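J.: Prediction below, plus the sequence it came from.
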Amino acid sequence: MASPKDITTPTRLGSKMVDLVGIGKQRARLFARLDIHTVSDLLRHLPMRYEQHAHEGAIKQLKYDTIGTARGVVQTARWVAAQGRGRKGRFEATLTDDSGTLSLVWFNATYLRDKIHPGLAVRVQGKVKSFNNYPQIVNPKWEPLEEPDATPQRQERLRPVYPATEDLPSSVIEHTVAEVLPAVLPDVTDPLPAGLLEHHAMPPLAQALQWVHAPDTLEDAGAARRRLAFNELLLLQLGIAMKRAYVQKRLAAPGLHFTDAIDTHILARFPFKLTDQQALAVKQIAADLTRPIPMNRLLQGDVGAGKTVVALYALLLAVADRHQGALLAPTELLAEQHHASISQMLEGANVTTALLTSAHPPKTGGERKQLLEKIANGGVDLVVGTHALLADHVKFHSLAVAVIDEQHRFGVMQRAAFRDSNRHAKPDPDGKRHVPHHLVMTATPIPRTLSLTLFGDLDISTIHGLPPGRTPITSRVVMPAQADEVYTYLRTRLERGEQAYVVVPAIDAAGKESAKQLTNVRDHAKLLQDKFCRGFKVATVHGRLKRESREKIMGKFRNGEIHVLVATTVIEVGVDVPNATVMIIEHAERFGLAQLHQLRGRVGRGDHGRRSLCVFISDPTTEEGSQRLDAIASTTDGFQIAERDLQIRGMGDFFGTRQSGLPPLRVANIPEDMELLQLAKRDAQTLIDTDPFLTSDKHKPLRRVLMQQYGEAMGLIDVG
Ligand code: ADP
Ligand code: MG
């Protein structure tokens with residue numbers, strides 16, 4: 001059934017979905033929502049499993065104390081509220097097929113009220129228990145079935161089941177793949193060297209694509225998925241290894257002079273003794289800095305862990321050897337804070353510091369020009385600033401150490417920009433380009449599972465725990481119905497002279513209908529001022545305010561003129577107000593786990609012995625939301641939260657985030673594919689050892705695919 005379009009535009013791997021026969025704009029948009037834009041994306045959208053109806057048990061055949069799967073039609077469904085304040089309740093349902101009845105219970109799952117109802121056909125899976133002589137599954141995994149007919153069909157062919165959306169069901173994806181696959185398979189060339197495939201006994205790429213989408217056996221499907229996952233991981237590891245090779249072969253940094261006397265001298269500047277963890281980080285960094293190879297190190301530690309002094313140590317090592325240091329912060333406020341505390345520690349020392357942001361020094365008048373000159377001629381040793389530091393006209397005399405705080409707030413390109421800061425200098429006789437050492441810092445730690453194998457181009461130092469003398473924060477999750485009690489209690493805290501943040505998701509009631517339901521800054525501030533906090537000063541900050549107004553309000557909050565600050569997440573980074581001891585977050589289910597943790601980190605900063613409190617007000621509408629709140633309430637350890645976040649969101653979500661600096665994975669799953677990852681890592685290293693930039697004829701196809709798929713995401717553009 002060839003349409004004219006079919007003849008003029010043959011389907012290729014690079015074809016856009018919208019250009020395929022039978023796919024209109026609207027359906028293309030549905031595919032785009034699954035991040036499928038081209039045929040190539042479509043082929044990398046793999047089935048999550050294959051339908052095997054014959055294996056699915058009838059309810060009557062479910063065995064107690066084993067994991068069972070059943071499908072059937074929901075007969076009853078109801079929410080049972082628990083007795084007692086603060087407790088939630090459970091969602092109960094019964095499921096039947098033609099063999100029997102299965103009872104289902106989900107605890108605290110209020111969100112199921114809108115999802116599961118009588119008449120719905122579902123598949124459930126979980127540990128089967130006996131309850132009143134009925135089989136029962138507690139907290140089963142579940143999914144709605146497309147066809148209401150719940151009787152298992154006996155069919156021979158394995159049917160792929162794709163990750164899908166409500167509007168784009170798996171069957172449509174299956175159909176589209178089946179149409180496209182035969183047309184493009186002849187075009188598929190295999191970038192992997194043949195020897196490598198033979199060695200691992202993996203199928204060629206075209207074969208693997210055929211098997212994964214339309215397998216004859218589950219073994220074939222498994223082998224195909226493995227091959228595709230390996231492909232992806234190998235490219236990723238090649239990218240990482242290539243970057244590292246690039247740094248070692250083409251770049252150089254000053255090997256800094258370091259002695260015990262310098263160490264003692266720097267430590268004497270700090271108003272406290274370093275914790276063991278800080279001392280270890282300092283030691284690792286000092287070792288890196290003495291080498292003429294650019295350091296590329298990540299310093300991770302929770303909010304308040306004490307990363308700044310470690311960074312300052314590195315900066316002062318540069319200054320001690322007559323070079324310069326720079327500290328880059330994501331916000332104006334944070335830059336100012338760093339500059340203030342660093343200047344304080346360096347009072348009376350022979351070190352010149354300066355602050356450079358887009359506002360400071362002012363653009364008019366000679367002060368800014370003078371500062372830029374000093375930075376360029378070495379008249380300033382240590383510069384603290386925002387991304388204004390990265391501007392083209394900012395030239396350093398001899399920048400040896402660059403520190404980037406809260407690195408996940410910057411893009412890959414910005415992080416790389418310091419590499420260019422010495423671009424005006426002459427290259428070495430041996431042709432190496434001179435760059436500063438890099439230290440990046442983050443308060444959203446990278447889960448251990450990942451850091452061990454994935455961050456090959458980054459060395460990692462970690463500060464666990466907080467410095468001595470902090471009072472822990474109390475965390476509470478409450479339902480919206482209890483908000484009044486929370487705000488009434490807030491008043492007691494205010495009366496004791498303490499201050500509070502209240503974080504809400506919206507700025508005002510404008511916008512989409514769904515957004516109108518949300519608590520917003522304007523209305524909420526008015527409510528608090530009029531009802532709960534009369535006699536105290538309530539103010540607002542949000543992202544739509546001009547920077548100057550925002551800073552002014554923050555300043556007033558810091559010196560105690562404002563008692564309650566109602567804000568959006570703009571306060572997430574950079575404010576340090578020790579007297580603020582209460583954090584209340586409305587609609588907490590709408591924020592990410594890392595974000596909630598960062599917000600909570602805004603309190604508990606004083607050493608005044610008062611116990612800080614963080615209240616999460618929430619009625620989660622999804623299972624994920626509910627899991628996030630359980631996690632945030634159960635620990636204040638950022639590392640545990642990061643691991644939990646990873647479990648909840650899955651690894652796929654982590655890749656492709658700014659924090660990871662890595663492209664998203666479509667096929668491979670970490671940690672399940674850990675063994676495959678090790679394999680890929682080894683192979684990648686061998687390849688890069690023999691051909692660092694994959695320029696030989698044999699490796700050119702690999703290089704092309706690597707650049708095409710990952711070049712931009714991994715910042716490989718100027719490599720090789
Ligand atoms: P973060 O890791 O979030 O950047 P900071 O560097 O801002 O944390 O440190 C948080 C607070 O802890 C600061 O007030 C700092 O002075 C203090 N601090 C850091 N290290 C120590 C230490 N070893 N002993 C006591 N206080 C410390
Ligand atoms: Mg910090």
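T.: Received it, and whenever you're ready, just let me know what you need. Residues are numbered from 1 along each chain as shown. Ligands and ions are numbered 1, 2, ... in the order given.

J.: For whichever residue of the stretch 101-250 of the chain sits closest to ligand 1, grab the count of nearby residues.
T.: Proximity of the stretch 101-250 of the chain to ligand 1 (CB to the nearest ligand atom) peaks at Val247, 26.1 Å away. Placement of C-beta: from N, CA and C, glycine included. Neighbour count for Val247, taken as other CB atoms under 10 Å: 20.

J.: swap in Ile262?
T.: 16.

J.: Equivalent analysis for the one 4 residues further on, please.
T.: Residue crowding around Ile266 was assessed by other CB under 10 Å; the count is 21.

J.: Where does pLDDT dip in the stretch 351-500 of the chain?
T.: 408-428, 448-457 (pLDDT under 70).

J.: Which parts of the stretch 601-720 of the chain are strands?
T.: With strands called from DSSP state E, counting those that start in this stretch, the stretch 601-720 of the chain shows them at 613-617.

J.: Where do the helices of it begin and end?
T.: Using DSSP state H, counting those that start in this stretch, the helices of the stretch 601-720 of the chain run over 623-634, 638-649, 651-654, 674-690, 700-710.

J.: picking that back up, skipping adjacent residues, who's closest to the residue of the stretch 101-250 of the chain closest to ligand 1 in space?
T.: Pro294 (5.6 Å; CB to CB, 6 or more residues apart in numbering).

J.: Do you know the pLDDT at that neighbour?
T.: pLDDT for Pro294: 92.

J.: Could you look up the SS state of it?
T.: coil (DSSP: H, G, I helix; E, B strand; the rest coil).

J.: the longest helix in this structure is where?
T.: Scanning the chain for the helix with the most residues, using DSSP state H, yields helix 218-250.

J.: From the contact counts, what lies against that one?
T.: helix 205-213, helix 674-690, helix 700-710 (3 or more CB pairs under 8 Å, 6 or more residues apart in numbering; DSSP states H and E).

J.: Report the buried residues of it.
T.: 220-221, 223-247, 250 (16 or more other CB atoms under 10 Å).

J.: out of the helices and strands packed on helix 218-250, nearest to ligand 1?
T.: Closest of the helices and strands packed on helix 218-250 to ligand 1 is helix 674-690, at 30.0 Å (criterion: CB to the nearest ligand atom).

J.: so how many other residues sit close to Ile585?
T.: 25.

J.: Tell me the strands beside the top strand by length along the chain, with direction?
T.: Secondary structure assigned by DSSP state E gives strand 67-81 as the longest strand of the chain. The sheet places strand 67-81 alongside strand 89-96 (antiparallel), strand 121-131 (antiparallel), with pairing taken from DSSP bridges.

J.: chain center to stretch 709-718, what's the gap?
T.: From the chain centre to the centre of stretch 709-718 is a distance of 19 Å (CA atoms, centre = their mean, to the nearest Å).

J.: For that stretch, what does the pLDDT average out to?
T.: Mean predicted lDDT for stretch 709-718 stands at 72.

J.: Over to stretch 560-569?
T.: Stretch 560-569 comes out at a mean pLDDT of 94.

J.: How about residues contacting that stretch?
T.: With contacts defined as CB atoms under 8 Å, 6 or more residues apart in numbering, stretch 560-569 is touched by 490, 494, 499-507, 521, 524-525, 528, 533, 536-543, 553, 556-557, 571, 579-580, 591, 595, 599.

J.: Could you rerun that using 7 Å?
T.: With CB atoms under 7 Å, 6 or more residues apart in numbering as the test, stretch 560-569 has contacts from 494, 499-504, 507, 521, 524-525, 528, 533, 536-543, 553, 556-557, 579, 595, 599.

J.: do stretch 522-539 as well
T.: The list of residues contacting stretch 522-539 from outside it, by CB under 7 Å, 6+ apart, reads 487-488, 490-491, 494, 502, 504, 508-509, 540, 553, 561-566.

J.: and Asp459, what does it touch?
T.: So Asp459 contacts Asn296, Arg297 (CB under 7 Å, 6+ apart).

J.: which residues of the stretch 51-200 of the chain fall in helices?
T.: So, for the stretch 51-200 of the chain - with DSSP H, counting those that start in this stretch - the helices run 170-184, 194-200.

J.: among those, which is the most enclosed?
T.: Among the helices of the stretch 51-200 of the chain, the stretch with the highest mean neighbour count (mean count of other CB atoms under 10 Å) is helix 170-184, at a mean of 17.

J.: What residues does the protein have near ligand 1?
T.: 272, 274-275, 278, 301, 303-309, 443, 467 (CB under 6 Å from any ligand atom).

J.: And the contacts of stretch 560-569, which of them are buried?
T.: Using 16+ other CB under 10 Å, the buried ones in these are 494, 499-504, 507, 521, 524-525, 528, 533, 536-542, 553, 557, 579, 595, 599.

J.: just checking, which of the residues you listed belong to helices?
T.: Leu494, Val521, His524, Ala525, Ile553, Phe557, Gln595, Leu599.

J.: Identify the farthest-apart pair in those.
T.: Leu494 and Gln595 (25.5 Å; CB to CB).
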